[in-house]
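Trainee: Generate a structure from the sequence data that follows.
(one chain, ligands or ions: 1)
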Amino acid sequence: MAIIEFPKDMKWGAATASYQVEGGAFEDGRGASIWDTFSRTPGKVLNGDNGDVACDTYHRYEEDIKLMKELGIDSYRFSVAWPRIFPNGRGEVNQPGVDFYHRFVDTLLENGIEPMCTLYHWDLPQALQDEGGWANRSTIDAFVEYSEFMFKEFQGKIKNWITLNEPWCVSFLSNFIGEHAPGNKDLQLATDISHHLMVAHGRSVKAFRTLKIDGQIGYAPNVTWKEPFSNKQEDIDACKREVGWFVEWFMDPVFKGSYPQFMVDWFESKGVKMNIQDGDLQDISQPIDFLGINYYTGNVARYKENSGLFDSEDLDMNYERTDIGWPIYPEGFYKVLTYITELYGQVPIYITENGACYNDEAENGRVKDQRRITYLQLHLAALKRSMDSGVNIKGYLTWSLMDNFEWAFGYSMRFGIVHVDFRTLVRTKKDSYYWYKQTLENGWFDLTY
Ligand SMILES: N=NNCCOCCOc1ccc(-c2cn(C[C@@H]3NC[C@@H](O)[C@H]3O)nn2)cc1
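Mentor: From the prediction side, this is the model:
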């Protein structure tokens with residue numbers, strides 16, 4: 001037995017994202033997004049799944065907010081579908097789309113739940129992609145126009161803003177590895193996109209400050225941890241490159257005003273050059289109010305010549321894995337959080353995503369997902385350990401409130417503490433929902449693993 005206790009003022013929440021839960025893909029003037037296109041491209045999404053209906057949150061949000069209220073969360077992280085606001089990415093506003101988010105946010109507030117709004121969680125308007133998408137610097141201007149509209153429209157209602165979700169996924173997973181929309185496989189393109197995303201983030205923060213919006217703003221990179229298999233310098237350096245791809249690449253420009261030279265040099269060795277324009281790094285390094293961190297997994301790794309992008313290989317340490325195949329590595333959570341604090345100081349951090357994929361089904365109105373409870377216990381214990389080491393954690397939002405469209409895995413991979421039957425859309429609270437509810441109520445839990 002070990003009681004893991006958290007500060008009374010810590011914020012607790014849950015997270016989702018527009019394309020993964022909303023549905024209503026063709027309703028009330030919503031424009032197409034790159035994920036509507038990608039999911040309709042044969043072979044890109046498992047079982048040919050798409051977000052046309054998803055969890056139907058577009059119509060069932062009152063039921064979902066009731067679940068949040070019963071859960072007892074302080075904050076709910078959602079994202080706005082850019083093409084619902086600007087069907088063509090810029091210019092004409094789609095008022096019914098704006099009205100939906102007002103109804104949604106008003107209902108959250110009426111139930112005492114703080115909205116945490118992500119402006120960009122991957123559903124880029126297809127009209128912008130048709131002009132090159134994030135590879136085209138004009139998309140930066142479109143994102144600033146969208147940001148400014150949202151800041152002004154929801155001023156006073158939304159006080160917690162996130163510009164970008166997981167820029168690593170938007171740039172490298174989607175344009176180098178090619179697993180996500182739009183599915184390119186070009187390292188130079190992906191690197192250019194990573195830079196344009198960060199410029200868009202910085203200029204959105206600048207707009208937030210210029211408009212004197214009441215509230216706080218940050219962004220939410222996803223991170224991992226790679227522990228060197230040995231003390232050999234080659235193993236240490238290989239892991240530093242792997243972690244630097246997620247941490248320093250997306251955080252040095254914000255907190256230090258420059259890209260990490262060891263990564264720039266490595267990319268140059270792969271034939272990639274940086275295309276930075278005057279003023280870009282000043283824009284990117286606008287001070288932010290908090291850093292969102294998304295963590296799921298990590299591993300032990302070592303140097304292996306000509307293996308992958310960074311001459312590294314993950315080792316099979318026989319760690320337990322979740323149903324999506326990711327090693328369960330809570331030590332990595334502690335390590336990456338303390339590493340970030342060593343690099344950038346005690347930046348206020350919200351864990352904006354952490355959770356596990358387990359595909360337990362509902363039986364007689366119950367979902368026994370004990371493995372998810374164990375995952376959450378181990379990672380919250382690691383989180384508390386990082387807090388005791390000086391990491392400035394302000395809140396924890398689990399991914400996800402409910403099972404949803406898990407991108408290229410479609411509906412086959414379940415991350416929710418609420419089960420969704422995608423045939424009937426019936427929601428069923430899992431055992432982990434009740435465990436999380438109790439933990440939020442107490443502000444502590446008994447680590448029974
Ligand atoms: N380390 N080297 N990797 C190189 C090889 O990568 C292969 C695949 O990589 C990745 C990395 C990360 C992810 C990922 C998924 N989620 C879950 C979503 N988060 C936002 C929310 O929408 C959730 O659905 N978060 N992260 C997927 C694949």
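Trainee: Give me the pLDDT for the nearest residue to residue 157 once chain neighbours are set aside.
Mentor: Distances taken as Cβ to Cβ, 6 or more residues apart in numbering put residue 105 closest to residue 157, at 5.0 Å, once the chain neighbours are dropped. C-beta: built from backbone N, CA, C; applies to glycine. As predicted, residue 105 sits at a pLDDT of 99.
Trainee: Then residue 364?
Mentor: Confidence at residue 364, expressed as pLDDT, is 95.
Trainee: Tell me what the closest residue to the ligand within the stretch 201-350 of the chain is bridged to.
Mentor: Going by Cβ to the nearest ligand atom, the ligand is nearest to residue 222 of the stretch 201-350 of the chain, at 4.8 Å. Per DSSP bridges, the residues bridged to residue 222 are residue 294.
Trainee: which SSE is the residue nearest to residue 157 in?
Mentor: Using DSSP states H and E, residue 105 falls within helix 95-110.
Trainee: so what secondary structure elements neighbour that helix?
Mentor: Where contact means 3 or more Cβ pairs under 8 Å, 6 or more residues apart in numbering; DSSP states H and E, helix 95-110 is packed against helix 57-71, helix 82-85, strand 114-120.
Trainee: what comes into contact with it?
Mentor: Outside helix 95-110, the residues within contact range by Cβ atoms under 8 Å, 6 or more residues apart in numbering are 28-30, 58, 61-62, 65, 68, 76, 78, 80-81, 84-85, 87, 114-115, 117, 153-154, 157-158.
Trainee: Quick check: buried residues in it?
Mentor: Residues of helix 95-110 classed as buried: 97, 98, 100, 101, 104, 105, 107, 108 (neighbour count, 16 or more other Cβ atoms under 10 Å).
Trainee: So what's the gap between it and the chain middle?
Mentor: Distance, stretch centre to chain centre, for helix 95-110: 22 Å (Cα atoms, centre = their mean, to the nearest Å).
Trainee: now that helix and strand 114-120, what's the angle there?
Mentor: Interaxial angle of helix 95-110 relative to strand 114-120 (axes from the mean of the first three to the mean of the last three Cα atoms, to 10 degrees): 150 degrees.
Trainee: tell me the angle helix 95-110 makes with helix 57-71.
Mentor: Interaxial angle of helix 95-110 relative to helix 57-71 (the same axes, to 10 degrees): 10 degrees.
Trainee: Restricting to C-alpha, output helix 95-110 in CSV.
Mentor: Only the C-alpha atoms of helix 95-110 are listed here, as CSV (Å, rounded to 0.1, in the frame of the first residue of the first chain):
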residue,chain,number,x,y,z
GLN,A,95,-22.1,30.8,-38.3
PRO,A,96,-23.9,27.5,-37.6
GLY,A,97,-20.5,26.0,-36.8
VAL,A,98,-19.7,28.9,-34.4
ASP,A,99,-23.1,28.5,-32.8
PHE,A,100,-22.4,24.8,-32.1
TYR,A,101,-19.3,25.6,-30.1
HIS,A,102,-21.1,28.4,-28.2
ARG,A,103,-23.8,25.8,-27.2
PHE,A,104,-21.1,23.4,-26.3
VAL,A,105,-19.0,25.8,-24.3
ASP,A,106,-22.0,27.3,-22.6
THR,A,107,-23.1,23.8,-21.4
LEU,A,108,-19.6,23.1,-20.1
LEU,A,109,-19.7,26.4,-18.1
GLU,A,110,-23.2,25.8,-16.8
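Trainee: need the residues of the protein near the ligand, please.
Mentor: 17, 20, 165-166, 169, 173, 177, 179, 222, 224, 242, 294, 296, 353, 399, 406-407 (Cβ under 6 Å from any ligand atom).
Trainee: What's the ChimeraX line that selects buried ones from these?
Mentor: This is the ChimeraX syntax for the buried subset of the residues of the chain next to the ligand, where burial follows 16+ other Cβ under 10 Å:
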select :17,20,165,166,169,173,222,224,242,294,296,353,399,406,407
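Trainee: Give me the subset of the residues of the chain next to the ligand lying in strands.
Mentor: 165, 222, 294, 353, 399 (DSSP state E).
Trainee: Please tabulate those residues in a markdown table, including the columns pLDDT.
Mentor: Compiled in a markdown table, these are given as follows (pLDDT from 0 to 100):
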| residue | pLDDT |
| --- | --- |
| 165 | 99 |
| 222 | 99 |
| 294 | 99 |
| 353 | 99 |
| 399 | 99 |
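Trainee: Name the nearest of those residues relative to residue 372.
Mentor: Distance to residue 372 across these (Cβ to Cβ) is lowest for residue 399, with 11.2 Å.
Trainee: Could you verify my assumption that that closest one touches residue 354?
Mentor: Yes: with contact defined as Cβ atoms under 8 Å, residue 399 counts as touching residue 354 (6.3 Å).
Trainee: looking at this, residue 218 is in a strand?
Mentor: Yes: the assignment for residue 218 (DSSP: H, G, I helix; E, B strand; the rest coil) places it in a strand.
Trainee: Next, find the distance separating residue 124 from the ligand.
Mentor: Applying Cβ to the nearest ligand atom, to the nearest Å, the value for residue 124 to the ligand is 14 Å.
Trainee: since we're on that residue, how many residues are nearby?
Mentor: Using other Cβ atoms under 10 Å, residue 124 has 24 neighbouring residues.
Trainee: Show the pLDDT at it.
Mentor: We have a pLDDT of 99 for residue 124.
Trainee: Who are the packing partners of the helix or strand containing residue 150?
Mentor: Using DSSP H and E, residue 150 sits within helix 138-153. Judged by 3+ Cβ pairs under 8 Å, 6+ apart, helix 138-153 is in contact with helix 82-85, strand 114-120, helix 187-210.
Trainee: Put the alpha carbons of the first one into PDB.
Mentor: What follows is helix 82-85, C-alpha atoms only, in PDB (Å, rounded to 0.1, in the frame of the first residue of the first chain):
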ATOM      1  CA  TRP A  82     -11.300  24.600 -38.100                       C
ATOM      2  CA  PRO A  83     -13.400  23.700 -41.200                       C
ATOM      3  CA  ARG A  84     -16.600  24.100 -39.100                       C
ATOM      4  CA  ILE A  85     -15.600  27.700 -38.500                       C
END
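Trainee: packing partners for that helix?
Mentor: Judged by 3+ Cβ pairs under 8 Å, 6+ apart, the packing partners of helix 82-85 are helix 95-110, helix 138-153.
Trainee: 10 Å - rerun?
Mentor: Judged by 3 or more Cβ pairs under 10 Å, 6 or more residues apart in numbering; DSSP states H and E, the packing partners of helix 82-85 are helix 18-21, helix 34-39, helix 95-110, strand 114-120, helix 126-129, helix 138-153.
Trainee: ditto for the longest one
Mentor: Applying 3+ Cβ pairs under 10 Å, 6+ apart, one finds that helix 187-210 makes contact with strand 114-120, helix 138-153, strand 160-165, helix 167-168, strand 216-220, helix 248-255, helix 261-269, helix 280-284.
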